[in-house]
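Colleague: Below is the structure, and that's it, no one-letter string:
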């Protein structure tokens with residue numbers, strides 16, 4: 001089996017190839033809702049060729065997307081160029097225990113995939129912090145069910161809002177400042193964003209644990225999660241492979257029923 005896994009967020013889209021044993025290639029593209037199946041195919045074919053692979057060798061596909069208008073084009077990519085019907089997370093795909101929230105249909109595909117990926121690797125009750133366009137805190141029960149969580153603006157979104165709304169504030173890069181108390185505009189902003197998000201994480205993790213009433217393991221993932229490594233004791237593990245692990249398991253469960 002050669003599986004193409006597509007994980008589409010609001011900012012970036014990850015394409016990854018699994019050969020049945022390992023992930024052998026990964027690429028990211030900017031998410032553009034209007035990109036057609038043909039445009040995806042040209043881009044993907046060139047990257048596959050650089051790795052000595054061909055698009056015709058791919059014989060399975062799974063898609064997780066939080067951009068509904070893109071799913072049509074991603075589905076057509078699989079149908080036209082892989083000659084397969086893709087699994088689409090959210091379309092009657094087996095995920096394990098149903099989300100225990102008021103409106104299960106509102107659970108984002110990315111959060112359900114992360115819940116699966118986390119449950120496979122870590123025992124007990126979990127908090128998954130995914131730092132992307134939004135910063136999400138997902139509560140995953142010991143049986144793997146998504147129990148709900150929190151959505152906050154992402155760190156890049158906050159920086160962009162500061163720059164666009166305040167004429168005197170520049171666009172800056174995210175990095176850990178040397179001091180908490182900034183001595184110029186850039187270090188003021190860096191401290192506010194970096195240590196502000198650390199405080200957000202520590203405060204919300206503490207409140208979630210208090211409300212849950214039992215021990216929980218906290219996992220960080222997503223594009224900017226690695227920035228926080230070593231800066232807080234609130235995150236127990238940093239796991240960049242959470243999403244791909246979840247997608248692979250969802251594909252396995254839906255193509256080998258009961259295996």
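Modeller: Looks like it came in fine. This is a predicted model, so every value here is computed, not measured. Numbers count the residues shown, from 1 in each chain.

Colleague: Counting neighbours, what do you get for residue 133?
Modeller: For residue 133, the count of nearby residues is 19 (other Cβ atoms under 10 Å). Placement of C-beta: from N, CA and C, glycine included.

Colleague: Surely it is in contact with residue 10?
Modeller: Yes. With contact defined as Cβ atoms under 8 Å, residue 133 counts as touching residue 10 (4.1 Å).

Colleague: quick one: the helices in the stretch 51-200 of the chain?
Modeller: For the stretch 51-200 of the chain, the helices defined by DSSP state H, counting those that start in this stretch cover 68-77, 109-121, 155-165, 185-212.

Colleague: Return the distance of the third one from the chain's centre.
Modeller: Just to be clear, that refers to helix 155-165. 21 Å (Cα atoms, centre = their mean, to the nearest Å).

Colleague: Summarise which helices and strands that helix is packed against.
Modeller: Packing partners of helix 155-165 (3 or more Cβ pairs under 8 Å, 6 or more residues apart in numbering; DSSP states H and E): helix 185-212.

Colleague: Could you list the low-pLDDT ranges of this structure?
Modeller: 167, 224, 256-259 (pLDDT under 70).

Colleague: looking at the protein, which residue lies furthest from center?
Modeller: If you look at how far each residue of the chain sits from its centre, by Cα atoms, centre = their mean, the farthest one is residue 183, at 34.8 Å.

Colleague: do you know how far that residue is from residue 172?
Modeller: Separation of residue 183 from residue 172 (Cβ to Cβ, to the nearest Å): 15 Å.

Colleague: same question, residue 9
Modeller: Counting by Cβ to Cβ, the gap from residue 9 to residue 172 is 22 Å.

Colleague: Kindly report the same for residue 213.
Modeller: Per Cβ to Cβ, residue 213 is found 40 Å from residue 172.

Colleague: same check, this time on residue 147
Modeller: Separation of residue 147 from residue 172 (Cβ to Cβ): 36 Å.

Colleague: helix, strand or coil for the residue lying closest to residue 127 once chain neighbours are set aside?
Modeller: Excluding the flanking residues, the one nearest residue 127 by Cβ to Cβ, 6 or more residues apart in numbering is residue 218, at 4.6 Å. At residue 218 the chain is in strand, as set by DSSP: H, G, I helix; E, B strand; the rest coil.

Colleague: Surely residue 218 touches residue 130?
Modeller: No. Look at residue 218 against residue 130 with Cβ under 8 Å: they stay out of range, at 11.8 Å.

Colleague: Neighbour count: these two, which is higher?
Modeller: More crowded of residue 218 and residue 130, by other Cβ under 10 Å: residue 130, with 26 against 20.

Colleague: how close does that one sit to residue 230?
Modeller: Between residue 130 and residue 230 the computed distance is 19 Å (Cβ to Cβ).

Colleague: likewise residue 145?
Modeller: For residue 145, the distance to residue 230 - Cβ to Cβ - is 31 Å.

Colleague: more crowded one of those two?
Modeller: When neighbours are counted by other Cβ under 10 Å, residue 145 and residue 230 differ, and residue 145 comes out ahead with 18 against 10.

Colleague: which non-adjacent residue is nearest the more buried one?
Modeller: The spatial neighbour of residue 145 that comes closest, neighbours along the chain excluded (Cβ to Cβ, 6+ apart), is residue 97 at 3.7 Å.

Colleague: Check residue 176 too.
Modeller: residue 194 (5.5 Å).

Colleague: That neighbour: how many residues sit nearby?
Modeller: Neighbour count for residue 194, taken as other Cβ under 10 Å: 19.

Colleague: next one: residue 12
Modeller: 14.

Colleague: Repeat that for residue 58.
Modeller: 21.
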